[in-house]
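# the sequence and its predicted three-dimensional model are supplied below.
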Amino acid sequence: MKWQMPKTLLGLAAIGLAAGASIFAMPQKSDAQGAPVRIAYVDPLSGPMAGIGDTGLKNFQYILEEINAKGGVLGGRKLEIVPYDNKLNAQETIVQVQKAIDDGIRIITQGNGTAFAIAISEFVTKYNERNPGKEVVYLNYAAVDPILTNAKCSYWHFRWDANTEQKMAAITNFLQNRKDVKKMYLINQDYAFGQGVRDLAVKMLKEKRSDIEIVGNELHPLAKVTDFSPYIAKIKASGADSVITGNWGSDMALLVKAAADAGLQVNFFTFYAGGTGGPTAIKQANLSDRVYAVGEGFANIDHKSAHAFEKGLRAKYGVSLFYPRGVNQMRMLAAAINQAKSDDPKKFAAVLHGMKFEVFNGGEGTMRADDHQFIQPLYMASFGPLKAGQEFDEEKTGWGWTIAGKIDAKDTLVPTTCKMNKPS
């Protein structure tokens, strides 16, 4: 069942919009006073997905430290990330977004959970319609449902992660050369994103590898399952040699852990196997080079400046760079603010609209003006023992990511149905 905004949430949104109308009448420090440009980070910082939220927060803190060390924005003002815990709850997400606006913040970033992303995008769009001159912008770094850049697109929403359709296209293109894959099991989280992964896998496998038999198609509750052994038993019984999953966070780690406990040796083609706990679970399962992930970058890509960034982040915060796209997002934000000569969202959003930028791991990316979907190179990578010359392992396992394939930006293009209403 597709997630829909509950009536209580709509009520909260309406209250927030009404209350927010006079927020920015409060005195604010001027640019000349050097006030930081604050960005609200609205993601889970408690509960079962807290590890993902905390690691993401550390990623963004380091990204902004790098930008600030190089002069920040607007002649020396710093960028500052301000955390807000949404507890992986739709209603709490809007409460925290409203709180951030009440605190005078006009830039929101979030990524974990498509349902929450849709709620934020709709809230921000309606807020801006009712509060001209006090606009808020939403920077999406990880919520990938195509609907956000299609039917529910908004001028005030910008997405730096490749969407589900782009990622599934990359996975299924990769599978065209994997003739050893004959029986596929689909297991995904039961909400908009997981349902989208499932539907696209069925569609694209039929188009590109019609010889692959789908022997199972399972949905499970998001962040509610603590023991995946019953699901693994079904996969084992199905005779599958491979699995496609969009699971992330604890749902990914626990799925692979259960596979290890059952001695299940299959290929996993994933979106987010690199999340907190995932690498450790893969090593424990001894799935050497059998777990693949698709993404915009991985730690062992041969790119000098990316290596230096990764090394610095690990040394300071003890975490890997989950989000090369987060680096792209924040660097582009800083560049857009400087080009616009203003931290007013309406002014710098006009610069982001259609902006071209060199991405973290090299190559050009484009914020497509039609729908605000960032177009960038993508990679397929496998996880296993470090190879000669590789520097970075994950979670002290001695295993790391190895690039198995690259998809150029032009080959990630998918059509959009977005009918964007640009502000006057």
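Yep, it's here.
# drop to CA atoms for contacts and neighbour counts, all remaining ones
Fine.
# centre of the chain versus stretch 207-217, how much separation?
27 Å (CA atoms, centre = their mean, to the nearest Å).
# ok, residues contacting that stretch?
172-173, 175-176, 181-187, 198, 202, 205-206, 235, 238-240 (CA atoms under 8 Å, 6 or more residues apart in numbering).
# you'd agree residue 362 is up against residue 304?
No - the pair residue 362 and residue 304 does not pass the contact test of CA atoms under 8 Å, sitting 9.7 Å apart.
# so which of the two has more stuff around it?
residue 362 (17 against 10; other CA atoms under 10 Å).
# got a list of what that one touches?
Residue 362 neighbours (CA under 8 Å, 6+ apart): residue 303.
# distance of it relative to residue 170?
Distance, residue 362 to residue 170, by CA to CA, to the nearest Å: 19 Å.
# who does whichever helix in the chain runs longest touch, helix- and strand-wise?
Of all the elements of type helix in the chain, the one with the most residues (DSSP state H) is helix 50-69. Applying 3 or more CA pairs under 8 Å, 6 or more residues apart in numbering; DSSP states H and E, we find helix 50-69 packed against strand 79-85, helix 304-317, helix 324-340.
# select, out of those, the one closest to residue 159.
helix 324-340 (8.5 Å; CA to CA).
# contact partners for the residue at minimal distance from the centre of the chain?
Taking CA atoms, centre = their mean, the centroid of the chain lies closest to residue 142, which sits 1.5 Å from it. Residues in contact with residue 142 (CA under 8 Å, 6+ apart) are 110, 111, 112, 159, 160, 161.
# checking it next. Helix, strand or coil?
coil (DSSP: H, G, I helix; E, B strand; the rest coil).
# so how far is residue 341 from it?
Taking CA to CA, one finds residue 142 at 28 Å from residue 341.
# list of residues touching stretch 342-353?
With CA under 8 Å, 6+ apart, stretch 342-353 has contacts from 37, 74, 106-107, 133, 135-137, 156, 332-333, 336-337, 339-340, 367-369, 372.
# list the buried ones in it?
343, 344, 345, 346, 347, 348, 349, 350, 351, 352, 353 (16 or more other CA atoms under 10 Å).
# of the residues you listed, closest to residue 325?
Nearest to residue 325 among the buried residues of stretch 342-353, with distances taken as CA to CA, is residue 352, at 14.8 Å.
# the helices in the stretch 201-350 of the chain, which residues?
229-238, 250-262, 278-284, 304-317, 324-340, 345-352 (DSSP state H, counting those that start in this stretch).
# buried subset of the contacts of stretch 207-217?
172-173, 175, 181-187, 198, 202, 205, 235, 240.
# from those, which ones fall inside helices?
Going by DSSP H, the helices hold 172, 173, 175, 198, 202, 205, 235 from the buried ones among the contacts of stretch 207-217.
# can you pick out the most distant pair from those?
173 and 235 (23.3 Å).
# can you select the buried ones from the contacts of stretch 342-353 in PyMOL?
Buried subset of the contacts of stretch 342-353, written as a PyMOL selection, criterion 16+ other CA under 10 Å:
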select buried, resi 37+74+106+107+135+136+137+156+332+333+336+337+340+367+368+369+372
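# what comes up buried for stretch 399-410?
Buried, per 16+ other CA under 10 Å, within stretch 399-410: 399, 400, 401, 402, 403, 406, 407, 409.
# which one of the residues you listed sits closest to residue 392?
residue 400 (6.3 Å).
# work out for me the element that closest one sits within.
Residue 400 is part of strand 399-407 when elements are defined by DSSP states H and E.
# kindly export that strand (C-alpha atoms) in CSV.
Output of strand 399-407 as CSV, limited to C-alpha atoms (Å, rounded to 0.1, in the frame of the first residue of the first chain):
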residue,chain,number,x,y,z
TRP,A,399,37.3,-5.9,3.2
GLY,A,400,36.5,-3.0,0.9
TRP,A,401,34.7,-2.0,-2.3
THR,A,402,36.0,-2.8,-5.8
ILE,A,403,34.5,-1.2,-8.9
ALA,A,404,32.8,-3.7,-11.1
GLY,A,405,31.4,-1.3,-13.7
LYS,A,406,30.8,2.4,-14.5
ILE,A,407,27.8,4.0,-16.1
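# who does that strand touch, helix- and strand-wise?
Strand 399-407 packs on strand 378-385, going by 3+ CA pairs under 8 Å, 6+ apart.
# how far out from the middle of the chain is the strand it packs on?
With CA atoms, centre = their mean, you get 18 Å for strand 378-385.
# parallel or antiparallel, which strands does that strand pair with?
Paired neighbours of strand 378-385 in the sheet (DSSP bridges): strand 291-295 (antiparallel), strand 399-407 (antiparallel).
# now do the last one, average pLDDT.
It refers to strand 399-407. Taken as a whole, strand 399-407 has a mean pLDDT of 97.
# could I get the helices and strands packed on helix 50-69 as a markdown table with distance to residue 91?
A markdown table is the format used below for those (distance: least, CA to CA, whole Å):
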| stretch | distance to residue 91 |
| --- | --- |
| strand 79-85 | 12 |
| helix 304-317 | 31 |
| helix 324-340 | 25 |
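# let me have these in a markdown table, extended by mean pLDDT and distance to residue 67.
Below are the helices and strands packed on helix 50-69 laid out as a markdown table (pLDDT from 0 to 100; distance: least, CA to CA, whole Å):
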| stretch | mean pLDDT | distance to residue 67 |
| --- | --- | --- |
| strand 79-85 | 98 | 8 |
| helix 304-317 | 98 | 12 |
| helix 324-340 | 98 | 7 |
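# thinking again about what came up before, closest to residue 377 among the ones in helices among the buried ones among the contacts of stretch 207-217?
residue 173 (14.3 Å).
# against residue 105, how distant is that closest one?
42 Å.
# with residue 189 instead?
For residue 189, the distance to residue 105 - CA to CA - is 32 Å.
# look up the closest residue to residue 255, ignoring the ones flanking it.
Once flanking residues are discounted, residue 255 sits nearest to residue 228: 5.5 Å by CA to CA, 6 or more residues apart in numbering.
# how close does the one you found get to residue 235?
In terms of CA to CA, residue 228 sits 11 Å off from residue 235.
# again with residue 320
31 Å.
# then residue 185?
Counting by CA to CA - residue 185 and residue 235 are separated by 7 Å.
# try residue 275
22 Å.
# tell me how many other residues surround the residue nearest to residue 74 when sequence neighbours are not counted.
Leaving aside its chain neighbours, residue 74 sits nearest to residue 338 (5.6 Å; criterion: CA to CA, 6+ apart). Neighbour count of residue 338, defined by other CA under 10 Å: 17.
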